[in-house]
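S.K.: Quick one, what's the 3D model for this:
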Amino acid sequence: YYKVLVGDNGDITSIYDKNLKKELLQKPASLAFLYEKPEKWPSWNMDWKDRQNPPVDYLNGDAEITIAEQGPARAALEITRKKRNSEITQVLSLAAGNAGKRLEIA
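M.R.: This is a model prediction of the structure:
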């Protein structure tokens, strides 16, 4: 159902819908670092005023990309990136059949 492209930095650069014959992204899907200083519940709250500020940085360095699964039922990439004392690992997977009608990101 979809053709997904990933850049060297781990960003999803393209999601092409094969049925619609249409690119779904206007720009790469990037991970951003945001400044958060919530007034209440600092462990999980994100205040609207903080949401209005631009990102502090992007997770845009080189990524370690490996094939996590490659079979007839599902294919998956594991993408690990490090920056600003953080390490983020994502698994992008596409499946065959009806399960393939979505891109899963864990």
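
S.K.: now the helices for the protein?
M.R.: Secondary structure of the chain by DSSP state H: the helices cover 48-51.

S.K.: Just checking, which helix or strand of it averages the lowest pLDDT?
M.R.: Lowest mean confidence among the helices and strands of the chain (mean pLDDT, DSSP states H and E): helix 48-51, at a mean of 84.

S.K.: Which neighbouring elements make contact with that one?
M.R.: If you count contacts as 3 or more Cβ pairs under 8 Å, 6 or more residues apart in numbering; DSSP states H and E, helix 48-51 packs onto no helix or strand. All C-beta atoms are positioned from the backbone trio N, CA, C, and that covers glycine.

S.K.: can you list contacts of that helix?
M.R.: Leu34, Tyr35, Glu36, Lys37, Pro38 (Cβ atoms under 8 Å, 6 or more residues apart in numbering).

S.K.: For these, give me a markdown table that also has distance to Ala68.
M.R.: Below are the contacts of helix 48-51 laid out as a markdown table (distance: Cβ to Cβ, whole Å):
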| residue | distance to Ala68 |
| --- | --- |
| Leu34 | 28 |
| Tyr35 | 32 |
| Glu36 | 30 |
| Lys37 | 36 |
| Pro38 | 35 |
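
S.K.: and which of these is nearest to Ile15?
M.R.: Among those, Leu34 lies closest to Ile15 (Cβ to Cβ), at 23.2 Å.

S.K.: Give me the buried positions along stretch 39-59.
M.R.: Of the residues in stretch 39-59, Leu59 count as buried by neighbour count, 16 or more other Cβ atoms under 10 Å.

S.K.: Now find how far off-centre that stretch is within its chain.
M.R.: Taking Cα atoms, centre = their mean, to the nearest Å, one finds the center of stretch 39-59 at 19 Å from the center of the full chain.
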